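[1] Below: sequence and its predicted model.
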Number of protein chains: 2
Amino acid sequence: MSTASSWERYCQYLLRDEALGFSLDVSRMHFDESLFSELAGDIERAWADLRALEGGEIANPDEGRQVGHYWLRTPSLAPGDLGEWVERVRGEINDFAAKVHSAEISAPNGNAFRHVLLVGIGGSALGPQLLADALRKANNPVDLHFLDNTDPAGIQRTLTELGDGLKETLVIVTSKSGGTPETRNGMLETEAAYAAHDLDLPKYAVAITSPSEKSTLFQKAKEDGWLAIFEMADWIGGRTSVMSAVGLLPARLIGIDTDAMLSGASAMDALTRVEDAKANPAMLLALMWHSAGGGKGGKDMVILPYCDRLALFGKYLQQLVMESLGKELDLHGNTVNQGIAVYGNKGSTDQHAYIQQLRDGLNNFFAVFVEVQDDGFAGEPLIVADGGITSGDFLQGFLRGTRDALAGNDRESITVSFDQLNGCTLGALIALFERAVSFYASLVEINAYHQPGVEAGKKAAGKFLDGVLAVSDVLKSAGGGAMSASDIHQQLGDLGDSFSVEAVYHAASHLAASRPGAFSIARGASPDADYFAAIS
Amino acid sequence: MSTASSWERYCQYLLRDEALGFSLDVSRMHFDESLFSELAGDIERAWADLRALEGGEIANPDEGRQVGHYWLRTPSLAPGDLGEWVERVRGEINDFAAKVHSAEISAPNGNAFRHVLLVGIGGSALGPQLLADALRKANNPVDLHFLDNTDPAGIQRTLTELGDGLKETLVIVTSKSGGTPETRNGMLETEAAYAAHDLDLPKYAVAITSPSEKSTLFQKAKEDGWLAIFEMADWIGGRTSVMSAVGLLPARLIGIDTDAMLSGASAMDALTRVEDAKANPAMLLALMWHSAGGGKGGKDMVILPYCDRLALFGKYLQQLVMESLGKELDLHGNTVNQGIAVYGNKGSTDQHAYIQQLRDGLNNFFAVFVEVQDDGFAGEPLIVADGGITSGDFLQGFLRGTRDALAGNDRESITVSFDQLNGCTLGALIALFERAVSFYASLVEINAYHQPGVEAGKKAAGKFLDGVLAVSDVLKSAGGGAMSASDIHQQLGDLGDSFSVEAVYHAASHLAASRPGAFSIARGASPDADYFAAIS
């Protein structure tokens, strides 16, 4: 393409909104005008799907649920009395955070809370992590720590680093169902750490969960008299929960303007309700994904924000996009194995990591640059090179240079641009991608709002834990006798039918590694010659 | 595959080393025995390439350099007097760190240094970040902060958070050539921040750089009398520099046993010199990558360490693998566009992010599980579920469950396992992948040790900065007159030939956004109707 026609193309397709200080540049994608006509029917269906979704249809049929994260930022659109509920919970959060900041709600030692420890996983951690990394200031009222896994070494390191600070640490435990094992385990480890410091967790803890007796977290928080319980509704999915209590409470506590975030998201939602594909940034984005990957995810999406504060955005989108779009079946039950792989950290740092491959290697991706025009420098910027060039000029130069270098080698890219990064625009940015995911799912006729595939791993994990206990029993019954995996398997009886020799081997290996005082392993030439024993 | 034959396959191919407490399980990859015979010639060539590399051939022809990161951990194998150099620099680092810990080298206020601020990008930051995240303990002698970009907002946030702590902060500036703009900018911003606190940077700063007048960093550190200069050799590439001063100095300062790391890497290097494909873990790994992607990178590599402390390992490998393997040309000059896309964070956390897609969606990847058998729990682990189940049992259960769930849906995976995570095994883990990258490059006949593609983006960035200055001059000359991008372009004269109207537009937009007191933009209906002006 000549530079003249690329400029025309840039002007022709640039979509922008001055109120949000936002633009979307798709000119370096390889689509042509026929895309819009070829997908016209799919686009129409997507508009209809959106109207139905926002109108309150059951969009998650597996769980019989509505999907309402859009209502969180525009409660007036929510059906029935859901809008009132949204307003009430938001008020409770703002009130609680204000009382923590004023020390009206304080640590039992009388001091203000200085730290927040968030126990949660998946959307319950990723959203708050993104918000904190993007918008925290150097003078936060509190700082934020996370337990987002069931790794005992990781949990212990975080708790040990907080150390005596636990006595001024507010704990947020987030689990909609209350049944997520990693979160439950993190909470129990935290409770034990508080007890070891002679502190009583309920006086430091709040829960974010479904207000239902089915949630064991809700039950525990109520029975033990935790400081507060914030409600999570069943129509809010984990990966789109950042504008519910899940994101609002920790963000508000560390001093983020969450009202601005909600209004930015609401403004973007309004833009993405416009039923005109070229004027609707989320539809345009979804169509670009479709064009790049042939509607089958044939290209990976590489997220490149040239902004340190957005370094976690790629990871956030990895969840939002891959969990929503990675589906085996379409809406008609056909096997389609959809999805789009997402990765990326930040520029220009990633130029020193993998831009080599993007520019020269496999052409199996499209890049999404995220630009923040105002580099956020308070005061007079430092001149770092001749002619008055600043660090921010270099940042912009690397973004533009990399975009050109990719285009020069026939690699596609999209550029999402905001004048500034703040609560409002971060809310808009998140809302843009949420809606693009929703539209893309409509275009390729899959359900973006369930996650049937995660159950298989959970079930297999549960089976493994049963196996660990069964293998432990067999070894103990053998009274110190050495047994191979096959020997143990033979003793398992019926359980052995669903628990293979290899699974027995891994369970026995794990017992020996994790309980070295109770079980031993003597290694042979290969795993079938390894022998396990209980130590009596 | 039946469970019986999968157990046989597991036993047949499991490669392990008891001294390192290491194993490599490739049984869930879809290769068969013919792989080894079909690639026999390539494997032979890879052995020969390795002998030549370790013998000191010029492996980076672009820069006329040897490639010697293997010599860093086994200096006795280095040619000539390079081994002595390795030992000397290592001694200087250990000595310096010991003196910082004992406060023999202290902050000018007489206190021990409490913080380290590392200014560097790419390998100069990623390696130290990985080491610190994996091996830092709760009671570090110092903590570690990074400036790894040229984003002024990010730089200012880090410097502001250190605040008054700057007076007890040791600064490490790392750049082999001394010419990396992001690092140079970070150093200048740091120097200005020290000056603003009435502190004199040279009394707080050390450099890691090439000991050559060509390095402006070396010159500056020498002339200004910095605390120390640690030498970087030209035969150490950025992405394999973690066991040079680049990684050793910050790691040693925060209390990591770097001698153990070097010895673990040396032990793995010895295992990966064995010229027997099935007994050599790095060759086996490289062959699996080849098998999965048809030798063309047809599958993404998803890194899943079930260990919080290895959460950055995927990001580290993203650089190591993609920058090494993402190449346009093969060794014979044929266009091949090689590479392997790499992403991943940690399990079981990522199960709540994108395992949905891995299990059900696009089958465009293979997973690499990294297992740490000992969950690192000091003391009696907490029981979190019936029967004595611990948090670590869940972690292991999720790993095994996910591996099974993926295999059950025909998705490939590799499992790399270590008994423990410590300096020794982290060194071995890094060395394993370094060598696998080296072998894979030999198998597909590309050069793993140059990065020609990153130059295009750098040149384009430089052009953009020139353009910013030229556009600034044009607008100032117009004395406040409003100009469109085309108007400005016409005034650029010869420069306009290499600087398109669109580039002018982006430069002018950047001027208006970054220097709002000096330049303005009035937006029209589309970018060709936007007008820029200098504010007089």
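    Received it, and whenever you're ready, just let me know what you need.

[2] host element of residue A:366?
    strand A:365-372 (DSSP states H and E).

[3] need the next SSE after that strand, C-terminal direction.
    Following strand A:365-372 in sequence, per DSSP H and E, is strand A:383-385.

[4] now for that following strand, which elements pack on it?
    strand A:389-390, helix A:391-408, helix B:181-196 (3 or more C-beta pairs under 8 Å, 6 or more residues apart in numbering or on different chains; DSSP states H and E). For glycine as for every other residue, the C-beta is placed from the backbone atoms N, C-alpha and C.

[5] distance between the lowest-mean-pLDDT helix or strand in chain A and the chain's centre?
    Every helix and strand of chain A was ranked by mean pLDDT, DSSP states H and E. The lowest is helix A:495-498, at a mean of 81. Averaged C-alpha coordinates place helix A:495-498 at 36 Å from its chain's average position (C-alpha atoms, centre = their mean, to the nearest Å).

[6] is chain B contacted by that helix?
    No - figure legend: helix A:495-498 not in contact with chain B (C-beta under 8 Å from any C-beta of the partner chain); closest approach 9.9 Å.

[7] what sits up against that helix?
    By C-beta atoms under 8 Å, 6 or more residues apart in numbering or on different chains, the residues outside helix A:495-498 that reach it are A:463, A:466-467, A:470, A:489-490, A:504.

[8] looking at it, residue A:159 is touching residue A:191, isn't it?
    No - checked against C-beta atoms under 8 Å, the pair residue A:159 and residue A:191 is beyond contact range at 10.7 Å.

[9] shaky segments in chain A?
    Confidence mapping of chain A against pLDDT under 70 gives the ranges A:1-2, A:377-378.

[10] max-length helix in it?
    helix A:454-477 (DSSP state H).

[11] angle of that helix against helix B:391-408?
    If you take axes from the mean of the first three to the mean of the last three C-alpha atoms, to 10 degrees, helix A:454-477 sits at 120 degrees to helix B:391-408.

[12] helices and strands around helix A:454-477, which ones?
    Against helix A:454-477 (3+ C-beta pairs under 8 Å, 6+ apart) you get helix A:485-491, helix A:495-498, helix A:501-514, strand A:531-534, helix B:355-360, strand B:389-390, helix B:391-408.

[13] which of the ones you listed is buried the deepest?
    A comparison of these by mean neighbour count, using mean count of other C-beta atoms under 10 Å in any protein chain shown, puts helix B:355-360 on top with a mean of 28.

[14] what about it, near chain A?
    Yes - judged by C-beta under 8 Å from any C-beta, helix B:355-360 and chain A are in contact via B:355-360.

[15] May I have the secondary structure class of residue A:153?
    Following DSSP: H, G, I helix; E, B strand; the rest coil, we place residue A:153 in the helix state.

[16] okay but it is in contact with residue B:308, surely?
    Yes - between residue A:153 and residue B:308 there is a contact at 6.6 Å, judged by C-beta under 8 Å.

[17] Out of those two, name the residue with the larger neighbour count.
    residue B:308 (27 against 21; other C-beta atoms under 10 Å in any protein chain shown).

[18] How about the more buried one: what's its closest non-neighbour residue?
    residue A:154 (2.6 Å; C-beta to C-beta, 6 or more residues apart in numbering or on different chains).

[19] Over to residue A:321?
    That would be residue A:342: by C-beta to C-beta, 6+ apart, it lies 4.9 Å from residue A:321.

[20] Contact partners for that neighbour?
    So residue A:342 contacts A:300-303, A:314, A:317-318, A:321-322, B:343, B:354 (C-beta under 8 Å, 6+ apart).

[21] So which residues on the stretch 1-150 of chain A come close to chain B?
    Near chain B, when you scan the stretch 1-150 of chain A using C-beta under 8 Å from any C-beta, you find A:3-4, A:6-7, A:10-12, A:14, A:16, A:18, A:121-123, A:125-126, A:137-138, A:148-150.

[22] What of the stretch 151-300 of chain A?
    So the stretch 151-300 of chain A meets chain B at A:151-157, A:160-161, A:163, A:181-182, A:184-186, A:188-189, A:192, A:238, A:296-297, A:300 (C-beta under 8 Å from any C-beta).

[23] Any of those buried? List them.
    A:151-157, A:181-182, A:184-186, A:188-189, A:238, A:297, A:300 (16 or more other C-beta atoms under 10 Å in any protein chain shown).

[24] For the stretch 1-150 of chain A, which segments count as strands?
    A:15-17, A:22-25, A:58-60, A:65-66, A:115-119, A:143-147 (DSSP state E, counting those that start in this stretch).

[25] Also the stretch 201-350 of chain A?
    Under DSSP E, counting those that start in this stretch, the stretch 201-350 of chain A gives strands at A:205-209, A:228-231, A:300-305, A:342-343.

[26] Who are the packing partners of the second one?
    Helices and strands touching strand A:228-231, as assessed by 3+ C-beta pairs under 8 Å, 6+ apart, comprise helix A:82-101, strand A:205-209, helix A:216-224, helix A:245-253.

[27] Turn these into TSV, including mean neighbour count.
    Shown next, in TSV, are the helices and strands packed on strand A:228-231 (neighbours: other C-beta atoms under 10 Å in any protein chain shown):
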stretch	mean neighbour count
helix A:82-101	17
strand A:205-209	28
helix A:216-224	18
helix A:245-253	28
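
[28] So which of these is nearest residue A:535?
    Smallest distance to residue A:535 across the helices and strands packed on strand A:228-231 (C-beta to C-beta): 35.0 Å, for helix A:216-224.

[29] Smallest gap between the stretch 351-500 of chain A and chain B, at which residue?
    residue A:357 (2.2 Å; C-beta to the nearest C-beta).

[30] want to throw the helices and strands packed on strand A:228-231 into CSV with distance to residue B:33?
    As requested, these are arranged in CSV below (distance: least, C-beta to C-beta, whole Å):
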stretch, distance to residue B:33
helix A:82-101, 60
strand A:205-209, 53
helix A:216-224, 50
helix A:245-253, 50
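
[31] Please identify which of the ones you listed is closest to residue B:476.
    Once the helices and strands packed on strand A:228-231 are compared by C-beta to C-beta, helix A:245-253 is nearest, at 42.6 Å.

[32] Could you name the helices and strands sitting against the closest one?
    Counting by 3+ C-beta pairs under 8 Å, 6+ apart, the packing neighbours recorded for helix A:245-253 are helix A:82-101, strand A:115-119, helix A:123-135, strand A:169-174, strand A:205-209, strand A:228-231, helix A:258-271.

[33] mind checking how far the closest residue to residue A:79 other than its chain neighbours is from residue A:67?
    Distances taken as C-beta to C-beta, 6+ apart put residue A:56 closest to residue A:79, at 4.0 Å, once the chain neighbours are dropped. Taken as C-beta to C-beta, to the nearest Å, the spacing of residue A:56 relative to residue A:67 amounts to 9 Å.

[34] Neighbour count: those two, which is higher?
    residue A:67 (22 against 17).

[35] Setting aside sequence neighbours, what's the nearest residue to the more buried one?
    Nearest to residue A:67 is residue A:59, by C-beta to C-beta, 6+ apart, at 4.0 Å.

[36] surely that neighbour meets residue A:66?
    Yes - distance between residue A:59 and residue A:66: 6.4 Å, which falls inside the contact criterion (C-beta under 8 Å).

[37] re the thing from before, and residue A:227, which of the helices and strands packed on strand A:383-385 is closest to it?
    helix B:181-196 (39.2 Å).

[38] now for that closest one, which elements pack on it?
    By 3+ C-beta pairs under 8 Å, 6+ apart, helix B:181-196 packs against strand A:383-385, helix A:391-408, strand B:115-119, strand B:143-147, helix B:152-162, strand B:169-174, helix B:216-224.

[39] and stretch A:401-410, does that touch chain B?
    Yes - contact of stretch A:401-410 with chain B (C-beta under 8 Å from any C-beta) involves A:401-402, A:404-405, A:408-409.
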